[in-house]
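Colleague: Structure of the sequence below:
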Amino acid sequence: MNANKPASLHSLKSDLDRVDAHIVQAEEYEELPELTDEMLAKAKVCKGGRPLSANPKKLISIRLPADVIERWKATGPGWQTRMAERLSEVR
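Modeller: From the prediction side, this is the model:
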């Protein structure tokens, strides 16, 4: 499934209106285990996402002639990376 496209209600196979309308009753809490200090000590926080880069890239905006961009695009996928590498060689 495309990450940019939200899931349709039919693909979830769930009645979200019914789930949203449910009010948790006191007896439902009895099903949950009591959290102990030992359980909390074993817990670990997992942050999502990629690890931080040692050399992070910075977003900029630059205007280039259309023919320059087309020549780089004609070299195939990864042209932005190759362009960045070429620019970093010029110091």
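Colleague: where in the chain is pLDDT low?
Modeller: 1-12 (pLDDT under 70).
Colleague: could you redo the last one with a cut-off of 50?
Modeller: Low-confidence segments of the chain (pLDDT under 50): 1.
Colleague: Please report how far the most centrally placed residue in the chain lies from residue 59.
Modeller: The centre of the chain sits closest to residue 49, judged by CA atoms, centre = their mean, with a distance of 6.3 Å. Distance, residue 49 to residue 59, by CB to CB, to the nearest Å: 17 Å. In this view, the C-beta of every residue, glycine as well, is placed from N, C-alpha and C.
Colleague: Excluding chain neighbours, what is closest to residue 72?
Modeller: residue 79 (4.5 Å; CB to CB, 6 or more residues apart in numbering).
Colleague: Now do the same contact list for the residue nearest to the centre of the chain.
Modeller: Counting by CB atoms under 8 Å, 6 or more residues apart in numbering, residue 49 touches no other residue.
Colleague: Tell me the backbone dihedrals of the residue nearest to residue 72, please.
Modeller: Backbone torsions for residue 79, taken as degrees, to the nearest 10, come to phi -60, psi -30.
Colleague: my read: it touches residue 73, true?
Modeller: Yes. Residue 79 is within contact range of residue 73, at 5.5 Å (criterion: CB atoms under 8 Å).
Colleague: what helix or strand is the residue nearest to the centre of the chain on?
Modeller: For residue 49, there is no helix or strand it lies in under DSSP states H and E.
Colleague: so how far is residue 43 from it?
Modeller: Separation of residue 49 from residue 43 (CB to CB): 19 Å.
Colleague: Quick one: the helices in the chain, in order.
Modeller: 9-12, 16-21, 26-29, 37-42, 66-73, 79-89 (DSSP state H).
Colleague: hey, C-alpha coordinates of the fourth one in PDB?
Modeller: The one in question is helix 37-42. Listed next in PDB are the C-alpha coordinates belonging to helix 37-42 (Å, rounded to 0.1, in the frame of the first residue of the first chain):
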ATOM      1  CA  ASP A  37       8.400  -1.700  39.100                       C
ATOM      2  CA  GLU A  38      10.100  -4.700  37.700                       C
ATOM      3  CA  MET A  39       8.000  -4.500  34.500                       C
ATOM      4  CA  LEU A  40       8.900  -0.800  34.200                       C
ATOM      5  CA  ALA A  41      12.600  -1.400  34.800                       C
ATOM      6  CA  LYS A  42      12.600  -3.900  31.900                       C
END
